[in-house]
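Student: When you get a sec, could you give me coordinates for this:
(chains A and B)
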Amino acid sequence: MSVTQQTLAVRPATVVARPVRSVWLGGLRGTDHIWAIAFALPYAAVFFAFVVYPICYGLWLGGQSQLYRQLFDDPRYLTSVVNTIVYVGVGVNLKMALAFLLSGFFMRKRWWIKALLVVFILPWATPALPAYMSIHWLLNGQWGMLNNVLYMLFGIDGPVYLNDHWTGLAANIGAYIWKNLPFWTIILLAGRMAVPQELYEAAEVDGASGLRRFRHITLPLMANLYLVCTLLDTIFALGDFNATYFVSGGGPAMSTEVLATLGIRYAFTTALPRLGVATVMTALPVLIPLVFILMRKLRVKEVQL
Amino acid sequence: MSATVAGSRRASKLHYRLRRYLVEAASLALGFVLVIWSVTPLYNMAMIAFESHDGVFSGSIWPEHPTLESFRVVVTQDFWYLEHFWRQFGNSFIVGLTTMFLTLLIGSLASFTVGRLHLRNGWLLTNAALMTYVIPASFLAIPFYRIMQIYGLSDNLWSVILAITTFATPYAIFIFSQYGRSIPMELDESARIDGANPWQIYFRIYLPLMSPALVAVGTYALLLAWNEYLYNFLMLSTPESMTVAVALAQFLNSDESPWNLMMATAILYALPPMILYYGFRRYMAAGLTMGGVKG
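Tutor: Numbering: from 1, shown residues only, chains lettered A, B, ... in the order given. Below is the predicted model:
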């Protein structure tokens, strides 16, 4: 009891009034400060040992200008840049558009739509590696199930998908969309559910049609979330290794490689780690602005709803 | 006059009903397409796994002679790629559980010190975490590989554990800080008045109240570790230290791919995370909304 009283007595009134402020101005008392630092140390250690150090090391590895000359002279690199642009551009935007539409579909209140969501989420619950391996075999020109189905239903011999640049790239993009569509649909579904129902009811009372309710309520309220999701997924897609590596394997003749897989291939198959780092580094002019925008966007505390 | 009004009303009612049926039919059709789309690759996996070795190349779309033979081979380690299957399975578990533990520990400590102790310049820590979250892990793989050699951890499970912990902790910090805001600060203050030190507040008050977020993030970290491939592949080279993901991908190296064995291994590898995911989906959904809708 006396301890309590003492603490209360020692505490100045201003601290009680605005505790956070005073702390920001350095109000942590001696031992507390040490505790606070001790609690921060593990993450700081991880950050310096496994983020800062690799980044600096990578910058040093890829810091020679002749690497980039070598890179730009390599037609495989140029192909991979085009592939990456197509992969990210189509993969992200198509997926987000589908996810946005499907999130509206899953808002429908039917018992079977709830059950459907459980099935729909399967690709996301499946680890990427087995799923992509299965898709790889599914698309096999000779024995794959897709061509078998095409033959059985329509009597046509499907193409050898993974032996062609464009169908191979499309297969990678399709696999990436297949895997990640449920995740973004659920995120956007959560966003839609957070839109206050009263807004729709009010608009309905005012005689707004379904289309206008969508245009004037759903769109403006979802725009920010949609943008953040798109940017975030752009980064994820840029760094995606598995879909390309396991579905098309970068083939035929390395024509469907993207930057992430080409970098690894340079570094570990051809034993040119510096060239591999340089490959990845050429994505920095796109990556750094994205990281900056996202860091600002994600720091906003409240969702704009 | 009243007759025409009634007539037009009946017509619009019919129109309305017809439209509702059409919408219903269209959404059923869409649902059907979505089921086919979601299930096909998984069905393909199962079909091949239940097929005999020759049946894989039969061109049919269901197993002609369904058999559990491939599962028997995998479970009894009766194939040269699968000699260490159970050990590799164990490795995957060790990596997953250790990563989960470290992520929860480091993440909760960091979020506690920033959110509850109001560490001076704590925003630096938050920003560091955010930055790590938005850097693609595959872009850091090459320097990471070299650094693990420098740390003397090559072909050691710790290299993978540390790598994945690095990439899982930012999300943990993010979710914990958001969830932590719902825990009233008065609890900490009254505990402090009762003479508790920060460690006691963390351990006795913060952690128990954070348990839903801990479950969500723990599941996330475990799944991330289990499903990760690139870092596992780069860091672990001997069969004894491999995780299942690497062992599974090894099948692709061989010319005569035993596809049925590969798919059986794939199913056994995919089942634990899927069970975990569906088991904790309730929490995961909460975690996703907390972390996902952060716009």
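
Student: only C-alpha atoms for contact and neighbour calcs from this point on.
Tutor: OK.

Student: Skipping its backbone neighbours, what lies nearest B:Met185 in space?
Tutor: B:Arg116 (7.5 Å; CA to CA, 6 or more residues apart in numbering or on different chains).

Student: per-domain residue ranges of the chain.
Tutor: Assuming you mean chain A. A:27-61, A:76-299 (automatic domain parsing).

Student: Correction: the question concerned chain B.
Tutor: B:2-73, B:83-292.

Student: Report whether the first one contacts chain A.
Tutor: Meaning domain B:2-73. Yes: on the criterion CA under 8 Å from any CA of the partner chain, domain B:2-73 is in touch with chain A at B:27, B:31, B:34-35, B:37-39, B:41-42, B:44-45, B:56-61.

Student: buried subset of these?
Tutor: For these, a burial check counting by 16 or more other CA atoms under 10 Å in any protein chain shown picks out B:27, B:31, B:34-35, B:38-39, B:41-42, B:44-45, B:56, B:59-61.

Student: I'd like to know how far the residue nearest to B:Met185 sits from B:Ile135.
Tutor: Shown here: B:Arg116 relative to B:Ile135, a distance of 27 Å by CA to CA, to the nearest Å.

Student: and if you look at B:Ala168?
Tutor: Taking CA to CA, one finds B:Ala168 at 12 Å from B:Ile135.

Student: Please name every helix or strand in contact with the helix or strand that contains A:Leu231.
Tutor: Per DSSP states H and E: A:Leu231 is located in helix A:219-238. With contacts defined as 3 or more CA pairs under 8 Å, 6 or more residues apart in numbering or on different chains; DSSP states H and E, helix A:219-238 has these neighbours: helix A:75-105, helix A:165-193, helix A:284-299.

Student: Using JSON lines, lay out those together with distance to chain B.
Tutor: Shown next, in JSON lines, are the helices and strands packed on helix A:219-238 (distance: least, CA to the nearest CA, whole Å):
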{"stretch": "helix A:75-105", "distance to chain B": "8"}
{"stretch": "helix A:165-193", "distance to chain B": "6"}
{"stretch": "helix A:284-299", "distance to chain B": "6"}
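
Student: In contact with the closest residue to A:Val90 other than its chain neighbours, which residues are there?
Tutor: Nearest-residue entry for A:Val90: A:Ile173, 7.6 Å, with adjacent residues in sequence omitted and distances by CA to CA, 6+ apart. Neighbouring residues of A:Ile173 by CA atoms under 8 Å, 6 or more residues apart in numbering or on different chains: A:87, A:90-91, A:243.

Student: Determine which two of the residues you listed are furthest apart.
Tutor: Pairwise distances across these (CA to CA) peak at 14.3 Å, for the pair A:Val90 and A:Ala243.

Student: of the two, who's got more company?
Tutor: A:Ala243 (27 against 16; other CA atoms under 10 Å in any protein chain shown).

Student: residue contacts, that one?
Tutor: Contacts of A:Ala243 (CA under 8 Å, 6+ apart): A:128, A:132, A:172-173, A:175-176.

Student: closest to B:Met263 among the residues you listed?
Tutor: Using CA to CA, the contacts of A:Ala243 come closest to B:Met263 at A:Tyr132, 11.3 Å.

Student: Now do the contacts for the closest one.
Tutor: Going by CA under 8 Å, 6+ apart, the list of residues near A:Tyr132 reads A:175, A:242-243, A:246-247.

Student: can you rerun that using 10 Å?
Tutor: A:126, A:138, A:172, A:175-176, A:178-179, A:242-248, B:41-42 (CA atoms under 10 Å, 6 or more residues apart in numbering or on different chains).

Student: before we move on, what about A:Thr126?
Tutor: Here A:Thr126 is in contact with A:132, A:179, B:42, B:223, B:227, B:267, B:269-275, B:277 (CA under 10 Å, 6+ apart).

Student: make it 8 Å
Tutor: With contacts defined as CA under 8 Å, 6+ apart, A:Thr126 is in contact with B:270, B:273-274.

Student: Please compute how far the helix or strand harbouring B:Met100 lies from its chain's middle.
Tutor: With secondary structure defined by DSSP H and E, B:Met100 is part of helix B:85-115. Put simply, helix B:85-115 sits 13 Å off its chain's centre (CA atoms, centre = their mean, to the nearest Å).

Student: tell me which residues of it are tucked away?
Tutor: B:85-100, B:102-115.

Student: filter the residues you listed by proximity to chain A?
Tutor: Applying CA under 8 Å from any CA to these, those adjacent to chain A are B:106-107, B:109-110, B:112-114.

Student: List the residues that contact B:Met47.
Tutor: Contacts of B:Met47 by CA under 8 Å, 6+ apart are B:61-63.

Student: between these, which is nearest chain A?
Tutor: B:Ile61 (6.1 Å; CA to the nearest CA).

Student: Correct me if wrong: that closest one contacts A:Val149.
Tutor: Yes: between B:Ile61 and A:Val149 there is a contact under CA atoms under 8 Å: 7.1 Å.

Student: Please list all residues in contact with the residue nearest to B:Trp158 when sequence neighbours are not counted.
Tutor: Closest residue in space to B:Trp158, ignoring its immediate chain neighbours: B:Val95 at 7.8 Å, by CA to CA, 6+ apart. Listed by CA under 8 Å, 6+ apart, the contact set of B:Val95 reads B:157-158, B:160-161, B:225-226.

Student: quick one: A:Trp60 from A:Thr279, how far?
Tutor: 14 Å.

Student: and the two? which has more neighbours close in?
Tutor: Between A:Trp60 and A:Thr279, A:Thr279 has the larger neighbour count (other CA under 10 Å), namely 29 against 13.

Student: Remind me which helix or strand that one belongs to.
Tutor: helix A:273-281.

Student: That helix and chain B in contact?
Tutor: Yes: part of helix A:273-281 sits near chain B under the criterion CA under 8 Å from any CA, namely A:273, A:276-277, A:280.
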